[in-house]
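Asker: Here's a sequence, model it:
(chains A and B)
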Amino acid sequence: QQSKVTLKLQNNSLSAILGQIEEVTAYRFFYQNEQIKDVSHSSIDVVNEDIDDLVSELLEGTELTFKIVDRSIVIFPKSEAGQNASVQQNLSVKGTVSDSSGNPLPGVTVVLKGTTQGTITDFDGNYTINNVPGDAILVFSFVGMSSQEVVVGGKSTVDVVLQDETIGLEEVVAIGYGTVKKSDLTGSVGVVKANQLDQQTNSNLGTAIQGKIAGVSVESAGGAPGAGMNLQIRGAGSLNNNNPLILVDDIAVSSMNNINPNDIESIQVLKDASAAAIYGSRAANGVVLITTQSGKKGAVKITASVDLGMQEVAKTLDLATTDQWIKIITEAATAAGNSVPEIALNPEEPGKGVDWQDEVYRNALVQNYSVGASGGSENLKYNFSLGYLDQEGIVDQTDYNRLNLRLKSEFQKGKVKVGESILLTQETVHDMPGVAGQGGNVVGATVMMIPGFSVKDEDALGGYGGASGAVLDVFNPVAALNLKSSKSDYYKALINLYGEIEIMDGLKYRLSAGVTLNEHKNDSREAAYQVGTFFSNTQNYAYRSSAMTKYWQVENTLSYAKEFGKHSVNAVVGYTTYKNKYDSFSASKKGMADGIWTMDAGSDSPTAGGTASTNTMLSYLGRVIYSYDNRYIFTGTFRRDGSSRFSDTKKWGNFPSISAAWNVANERFFESMSRTISQMKVRASYGKLGNQEIGDYQYVGAITSGVSYASGDPNSLWVGNIQTEYVPNNLKWETTSTTNAGLDLGFLNGKINYSLDVFQKKTTDLLLRVPIPLSAGANQNPYSNAGEIKNKGFEMMLNYNGSVKDFKFSVTGTLSHIKNEVMELSTGSQVLTGSGATHGGSAVTYTKVGYPIYSFFLIKTDGLFRSADEIQAHSKDGELIQPNAQVGDIRFVDANEDGQIDGNDRVYAGSPFPKYEYGLRLEGAWKFLDASVYLQGTHGNKIYNGIRTYTESAIYTCEYSMELLNSYSFNPNSDIPRLDQNDANGNGVDNSDRFLEDGSYLRIKTVQIGFTLPDNWTKRIAFENCRFYIGANNLVTWTDYKGYNPDIGNSSISARGIDFRQYPLNRSYHIGLQMNF
Amino acid sequence: CSESFLDESDPNQITTAEFWKSADDIESALATVYNVITDDYNGHYGTCNWQLMESRTENFIERNDVRARYEISVFQNTFSNDYAANLYKGAYVGIFRANQILQYGGAIEGIDTNLHNKLLAEAHFLRGLNYFFLVTDFGAVPITTAVAESSNDYFKEKSSMEQVWNQTIRDFKAGAEYLPNIREAAEKGRATRGAALAFLGRSYLYQADYDSTIIMLEQIVDHEGDFGYGLQPNYAELFDGQHENGVEGVFEIQYSNIGGTSIWAGNEVDKPQTTFIAQECAPGEVGGWFEMQPSQVLLDSFLVEPTADDEVDPRALATIAWDYPGSMYYQLDFGATFGDEIWLRKNQNWWDANEGEWKSELNEYGIRYADVLLMLAEAYTMTGQVAKAAPLVHRIRNRALLTDKLSEMTQYSEDEMMQEIRRQRNLEFAREGLHFYDLRRWGLLESTIKNAKQLGYQNYTSKFEYYPIPENELNNNPNMSQSDPWK
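Answerer: Down below sits the predicted model:
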């Protein structure tokens, strides 16, 4: 906060001068007009003067004195000094003011509405105000918080909880290399504050911001413990990398997964080109600025919290029992004229059989602890925290734990400031081990494992049963979890040091140097086993790998902020360098004795591998924000980046942007409306951003080594070297141009806030491994700049803060809509083939001009044939379109009307990206109770259910869905086709829309009810504040989607919307305790 | 910092500018072309394609678990089929590599002329081999004989089938010119002049140009001693892993457990030079994935003619396993374990307890000398020279211990002789990937599949003689069009 004042005024009354000071500082004055009306000054000309000196000067020679409490300055007669207020009254009201987390708020202004009579809360948040009429209204206000009005109604005690003002005008917003007042913002920036993160029950930062920022789409990356989230800002603009640039305390990081949500002060998302342009070539997908908590001036605060949660699989699939399975397989085999497999004749586990989901999923505990200390004085501010998270996975044997240590401090002496931010993390993850066979992974195997097979087999090497006979080779998932393991340890350090010096008034030079070190170690083991007849491993096997990423950045910036009367300038220029080095190695061996897993103990099949890479970047940056009279604001930004990823002539790229905003509400003509519309701002911006996420050395022709063969008698290795890919010509930056228009409205003095952004984002020179014809013979397609993608849409946010007597509540909703369209691709007729959902199956997603990126193209189904006549009628020029069809088979739509059903009949069937995403947050507090509910959902996205292609097609001999008991084979009214293993009609083909489902959902994502112990209790036990809560995550999901979870999370852009054995999301219940000392 | 801060070079790989300096570079580049021929998914002689070649015939049944492979075996495949696309791509990967050798390797100066010619001849042979794969599986495809210099060069037009055959023959001939008759021990397994001539014979035979077939194959058969060729005395020895690179291996695909150790590795360097076809074709009881199983039709074909001593044809015993007295399979009593099933022996490690770690070292045959003899016999027969064919067929029957019919066969009509040749080829080369192509050129594909009521026979139409041009060629090459039967 600004405590220095620069002011030049002539011949003014004291009240006018105080008004001017209020405009240029964060201070607010409180006084009785009567007492100061005679004071005036002929001229004021101060430069950078301390506020208390200035006020003393102003009051010199009067009978008045003043008191500064935080950001409020109260002026009162010297005669009243030493008293809180005058003593002449009959009715006096007192009480305590605290913030939403129960901390007392000192310095809150309490005034009688309609007067200037008032007071300020003391250090413990207490106030007393005298001479209050019984029907008076008290107004509580504090900068950064919503003011509140309370009717006294004859009470003598009025306690108040003030809510943070999330989009308060005076809020300061981080925009990269500096901050700006929200009112001066011209670009589109989304903000989430700590108290909106539900961090008590959300141990992952991605989960914590899901749905909370309009235009930011967050999708889970599977429900595995420690799994991150996929973040996408304003749609998929690129075909290679859509991850935003994430900075934690100004340092670029590859993932925010290891950050403890408890450490967050705020998250700002720079969405449009104007906001993000300062980050140039890395910013095309938007920028996420994460600021961790800093210390604040004041006494030491110690916080501690504990959260305990129980997680369970949110939904299980209805799969057949052994008896039901036998019924289905017998029907399907008989229809095909095949014999039934041995396991159907003699099941190892007859009757109900094994419930594999029950064997694999478990109730899992999650524990989260943190302690922190913060505080500060004039010269030093500090914030320290320690966090520990231990999360069991709902899949047996999987878990994640994380230890966070964070230290952030700032030292100031005179015009020099130095500080640091240090984050150290250690994470350990036990992932699901990979499994061979058609289950694909443990989740797939759990669903596909036939219930007739036993979990254990005492006689088998390793002790587990497994699939045998003429069935799909699915690995017993319980055996996989117990015989194999994959453990990863991550050691991460983020260290940023800075120094700042104020060279002259308003001009500062800042040097910051940061480094991140990430070490990832993997330790994978596989014991010797024989699992059923398909899977055997004759020797114990161990694999180790270690990968180190070292990144450093040095940033020099010179910034200048100055106000000249009604003009204000805020400018920054900078020069920065970055270097990123990666280095890895791995080794494996076999043949260790049981229970021994070190490399030296192995005797057989040694392997070793490793790679290294480096990339560098140099940048120049600059930004000017000019504001006139708080009404007109202009921002111009420029960045020039040089990258080692491009050839000499293409290394440099320029990224400019301009934007403007008009604070309509500050216009004179608007004054009459300002009672209802307290804020109105229109914004517009345009700019260009880059994307260089293509990996290193792509422009150089390389020789691949080790493409070998055996020759000679006896054979020896004939080592081969060759160029396997073509070298891209003239590769350059991918460029995204964004046009943004925005409107911010505030009603009823900030009680209601609304903001709307409409944008168009056009990505050109798309960096992409454009598929070249197979006949070119390249192993992998070369990168080229090919094509154009357009994303347009809107996003809005509406917030209402209200209160009814003691009950305070707020409602915040976000809604965003994005339409994605591929405008142009390479050769024009180019189609990019995406991903499939079965082992060795056809692709189901394609990228084509005129459609959204990687959308579904499938053969349409049109119900079942109910009679032979219907089969006959489905013909073209007298020829049957489906000659192999029988009654009860699916009728497919011959879209191209060529008389046959084949791949050419695929038509656009929907997009994996939602048309709308929304979030709704409800909060309420009544006395010592508080509650919050957060709902989040998507609308209009499609999901291809890859699991059903196995469990419902009946062409594979694996576990089936109970749905099949209701198929046409058993029930002629059914919509499920008849069962037939040979399936000559193709009912089970993986390129029809049979398994494509609506992925829309609405979810109660978090619920929390809290209870804050009354003051007089806590004080007695040395707490300042103590809150208990109970909560739940992912409590209810409303969706038509039949799989585990519609928020499937497939990180590859071509496989978005394909549900292929994702780790299911959990539902969790929490209890917790938060304490302040 | 200066601008040089932005100069980074790849520490993992050398650049093209540093390569192509010596004969050793050509030599090592050649290995990469062989590498792709044996690739599990992309290689004509890789794990998948043995199944694709055989499961489309009446002799084998493919299991329904890998969708794309099953589709091919029951004639439901479309242009989207990945496994066919893999083969198409694999052939062009080989061609891209061979083109680099011919273009960049050919331009290297200072290499001994004989050595240079020999190395380039090997590249020609390998490029011809890949065009042979393409023309036999896809028909009319683009021809590319130079390395693409700019992105425009990627988009080749389709050549006619005849032009592709001509390119194939040109390359094989260029190979035959400078390749050695016999490779020294250290180079065993690499292309020889015999291999080039044998593939020329096969190329002409597939085009029904019997005169040219005879010209090519007589150069081998009339001088078999020069090449060291002959028939392995005992048929079973061809597949026992003990007689590899023997007298019958005209072009033998090499497999050994050397190199990397992980068969699923993403990098070639980490993969061993082995195949897992044996694991794929083994029964579940011994850790196999039973992807492909011999049919009753095949067993019945073997049992038609017993040996002179009224025993079962030894080729039956070496090719398949079923329940006969004393039948042991993977050290198990066959009848007790597998009942009335039929399983594969040829190129399986059936003498072991199981397929172990899925790394089979058994070589495969690209062309074996018995094929050269029977191809020549067929060409003689088709040109009315049945008497010249008879001794060749006799050698095959003789090795199979069948009754001596030499004099009888000399008197055969052309039809009778062709019938005998067809029968012998079916029994001699079962599982060696030739039967589909044999039936196709004899015009017997449709009738054989339908008569045998092979799985999916209802779906068969003549368009399945060739694969369609894959989706990823059509989608990415504006100059390319689908083959006529698939339009």
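
Asker: A:A479 and A:V531 touch, don't they?
Answerer: Yes - between A:A479 and A:V531 there is a contact under Cβ atoms under 8 Å: 4.8 Å. For every residue, glycine as well, the C-beta is placed using N, CA and C.

Asker: Touching both of the two, which residues are there?
Answerer: Both A:A479 and A:V531 are in contact with A:462, A:464-466, where contact means Cβ atoms under 8 Å, 6 or more residues apart in numbering or on different chains.

Asker: top of those by neighbour count?
Answerer: Of the shared contacts of A:A479 and A:V531, A:G466 is surrounded by the most neighbours, 27 neighbours in total, counting by other Cβ atoms under 10 Å in any protein chain shown.

Asker: contacting residues for that residue?
Answerer: If you count contacts by Cβ under 8 Å, 6+ apart, A:G466 has them with A:453, A:457, A:460, A:475-476, A:479, A:530-535.

Asker: Could you give me the buried positions within the strand or helix carrying B:R425?
Answerer: Per DSSP states H and E, B:R425 falls inside helix B:414-428. By 16 or more other Cβ atoms under 10 Å in any protein chain shown, the buried positions in helix B:414-428 come out as B:417-418, B:420-422, B:424-428.

Asker: before we move on, what about stretch A:811-831?
Answerer: Buried residues in stretch A:811-831 (16+ other Cβ under 10 Å): A:812-818, A:820, A:822, A:825-827, A:830-831.

Asker: now, the most widely separated pair of those?
Answerer: A:T812 and A:T827 (47.0 Å; Cβ to Cβ).

Asker: For the helix or strand where A:F411 lies, give the mean pLDDT please.
Answerer: Per DSSP H and E: A:F411 is located in strand A:399-413. Strand A:399-413 comes out with an average pLDDT of 94.

Asker: same deal with stretch A:910-929?
Answerer: For stretch A:910-929, the per-residue pLDDT averages 91.

Asker: Same check on stretch B:353-362?
Answerer: The model assigns stretch B:353-362 a mean pLDDT of 90.

Asker: Which residues does it contact?
Answerer: A:536-538, B:239, B:241, B:244, B:255-257, B:263, B:272, B:274-279, B:282, B:286-288, B:330-331, B:347-349.

Asker: Quick one, grab the pLDDT at the nearest residue in space to B:L474 that is not next to it in sequence.
Answerer: Spatial nearest neighbour of B:L474, excluding adjacent residues (Cβ to Cβ, 6 or more residues apart in numbering or on different chains): B:M480 at 5.8 Å. Per-residue pLDDT puts B:M480 at 94.

Asker: In the stretch 301-450 of chain B, what residue spans correspond to helices?
Answerer: With DSSP state H, counting those that start in this stretch as the criterion, the stretch 301-450 of chain B has helices at B:314-319, B:334-338, B:369-382, B:386-399, B:406-410, B:414-428, B:435-442, B:445-451.

Asker: same deal with the stretch 151-300 of chain B?
Answerer: Per DSSP H, counting those that start in this stretch, the stretch 151-300 of chain B carries helices over the ranges B:161-178, B:193-206, B:210-221, B:224-227, B:277-281, B:296-303.

Asker: Reformat those as CSV; add mean pLDDT, mean neighbour count and distance to A:G190.
Answerer: As requested, the helices of the stretch 151-300 of chain B are exported to CSV (pLDDT from 0 to 100; neighbours: other Cβ atoms under 10 Å in any protein chain shown; distance: least, Cβ to Cβ, whole Å):
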stretch, mean pLDDT, mean neighbour count, distance to A:G190
helix B:161-178, 98, 20, 58
helix B:193-206, 98, 25, 66
helix B:210-221, 98, 20, 74
helix B:224-227, 96, 15, 76
helix B:277-281, 95, 26, 53
helix B:296-303, 97, 17, 68
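
Asker: Which one, of those helices, ends up nearest to chain A?
Answerer: Comparison of the helices of the stretch 151-300 of chain B against chain A by Cβ to the nearest Cβ identifies helix B:277-281 as nearest, at 9.9 Å.

Asker: And for B:N130, the neighbour number?
Answerer: Residues lying near B:N130 (other Cβ under 10 Å) number 25.

Asker: Helix, strand or coil: sort out it for me.
Answerer: helix (DSSP: H, G, I helix; E, B strand; the rest coil).

Asker: where's it relative to B:Q100, distance?
Answerer: 13 Å (Cβ to Cβ, to the nearest Å).

Asker: Export the helices of the stretch 151-300 of chain B to a markdown table and append columns for distance to chain A.
Answerer: Shown next, in a markdown table, are these (distance: least, Cβ to the nearest Cβ, whole Å):
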| stretch | distance to chain A |
| --- | --- |
| helix B:161-178 | 12 |
| helix B:193-206 | 13 |
| helix B:210-221 | 21 |
| helix B:224-227 | 16 |
| helix B:277-281 | 10 |
| helix B:296-303 | 13 |
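
Asker: Export those helices as a markdown table, with columns for distance to B:I95.
Answerer: Below are these laid out as a markdown table (distance: least, Cβ to Cβ, whole Å):
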| stretch | distance to B:I95 |
| --- | --- |
| helix B:161-178 | 10 |
| helix B:193-206 | 15 |
| helix B:210-221 | 22 |
| helix B:224-227 | 27 |
| helix B:277-281 | 24 |
| helix B:296-303 | 34 |
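
Asker: Spell out which parts of the stretch 551-700 of chain A neighbour chain B.
Answerer: Applying Cβ under 8 Å from any Cβ of the partner chain, we find that the stretch 551-700 of chain A lies next to chain B at A:577, A:579, A:588, A:605-607, A:609, A:611-618, A:642-644, A:651, A:696-697, A:700.

Asker: Near the nearest residue to A:I752 once chain neighbours are set aside, how many other residues are there?
Answerer: Excluding the flanking residues, the one nearest A:I752 by Cβ to Cβ, 6+ apart is A:Y800, at 5.1 Å. By other Cβ under 10 Å, 15 other residues sit near A:Y800.

Asker: if I've got this straight, A:Y800 is in a strand?
Answerer: Yes - applying three-state DSSP, one finds A:Y800 inside a strand.

Asker: if we can go back for a sec, out of the contacts of A:G466, who's the most crowded?
Answerer: A:N476 (35 neighbours).

Asker: ok, and the closest non-adjacent residue to it?
Answerer: In space, A:N476 is closest to A:G466, 4.5 Å off (Cβ to Cβ, 6+ apart).

Asker: any idea how far that neighbour lies from chain B?
Answerer: The gap separating A:G466 from chain B is 10 Å, by Cβ to the nearest Cβ, to the nearest Å.

Asker: Next up, identify which helix or strand that residue is on.
Answerer: Going by DSSP H and E, A:G466 is not in any helix or strand.

Asker: Need the phi and psi values for it.
Answerer: Torsion angles at A:G466 (phi, psi; degrees, to the nearest 10) stand at phi -180, psi 180.

Asker: One more: A:I752?
Answerer: Taking degrees, to the nearest 10, you get phi -120, psi 130 for the backbone angles of A:I752.

Asker: What's opposite it in the beta bridge?
Answerer: As for beta bridges, A:I752 partners with A:F747, A:Y800 under DSSP bridges.

Asker: where's it relative to A:A214, distance?
Answerer: Distance, A:I752 to A:A214, by Cβ to Cβ: 16 Å.

Asker: Of the two, which one has the most company?
Answerer: Between A:I752 and A:A214, A:A214 has the larger neighbour count (other Cβ under 10 Å), namely 27 against 18.

Asker: pretty sure A:P104 is in contact with A:F142, am I right?
Answerer: No - contact criterion Cβ under 8 Å: A:P104 and A:F142 do not qualify, at 11.7 Å.

Asker: Give me the more crowded residue out of these two.
Answerer: Each of A:P104 and A:F142 has its neighbours counted (other Cβ under 10 Å); A:F142 has more, 25 against 19.

Asker: what's the burial count for the residue nearest to that one when sequence neighbours are not counted?
Answerer: Leaving aside its sequence neighbours, A:F142 sits nearest to A:V108 (Cβ to Cβ, 6+ apart; 4.5 Å). For A:V108, the neighbour count with other Cβ under 10 Å is 29.
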